[in-house]
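> sequence and predicted structure, then a few things I'm wondering about:
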Amino acid sequence: MSGISSISSTYTPILLSHQTGLSITISSANTYYNIGSSISIPRNGIVNISVMAHVSGYSGSLNINLTRNSTQYISNSNLFYSFSNTSSQLINTNDLGSFTINVLKGDILQLMVTNSTASEIVYVDDLVVILQ
């Protein structure tokens, strides 16, 4: 086939982060707190993020903070649906069980969580971030 080239091996999917067993007690209701380690982006691409999480009670939410060129960007709304299960569940925004975001080399991602009630615990049982 003319005009079609093979996919460059530089765009082979890379596991950027796999974090497990994270938890944080929410001091102030509906205030986002960083959880886990930040994730540095080594090249331009698309990250696929999947999260399994639960709460000790009430309703938790997750979000992503993206830092690009020293500017922090936080979504105006929850990137992931709110969840209220006290047992682990796959948190998602679509039927695939994951969230995708376009990223540039040098970006930094940080998972953030909150709960609708202070003194409750948000557990992130499993976080997987793959760069495509």
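Ah, there it is. Residues are numbered from 1 along each chain as shown.
> which intervals of the chain have sub-threshold pLDDT?
1-10, 76-81, 91-97 (pLDDT under 70).
> and the strands in it?
Secondary structure of the chain (DSSP state E): strands located at 14-25, 33-34, 39-40, 45-55, 60-68, 71-74, 89-91, 99-103, 108-115, 121-131.
> include mean neighbour count and distance to Ser82 when you put the ones you listed into TSV, please.
Using the backbone N, CA and C atoms, a C-beta is placed for each residue, glycine as well. Formatted as TSV, these follow (neighbours: other C-beta atoms under 10 Å; distance: least, C-beta to C-beta, whole Å):
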stretch	mean neighbour count	distance to Ser82
strand 14-25	14	16
strand 33-34	14	16
strand 39-40	16	23
strand 45-55	21	10
strand 60-68	20	5
strand 71-74	10	16
strand 89-91	18	9
strand 99-103	17	14
strand 108-115	22	9
strand 121-131	20	11
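> would you reformat those as TSV and include distance to Phe83?
Formatted as TSV, those follow (distance: least, C-beta to C-beta, whole Å):
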stretch	distance to Phe83
strand 14-25	14
strand 33-34	16
strand 39-40	21
strand 45-55	6
strand 60-68	6
strand 71-74	19
strand 89-91	6
strand 99-103	14
strand 108-115	10
strand 121-131	9
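> who does Ser40 bridge with?
With DSSP bridges applied, Ser40 shows beta-bridge pairing to Ile108.
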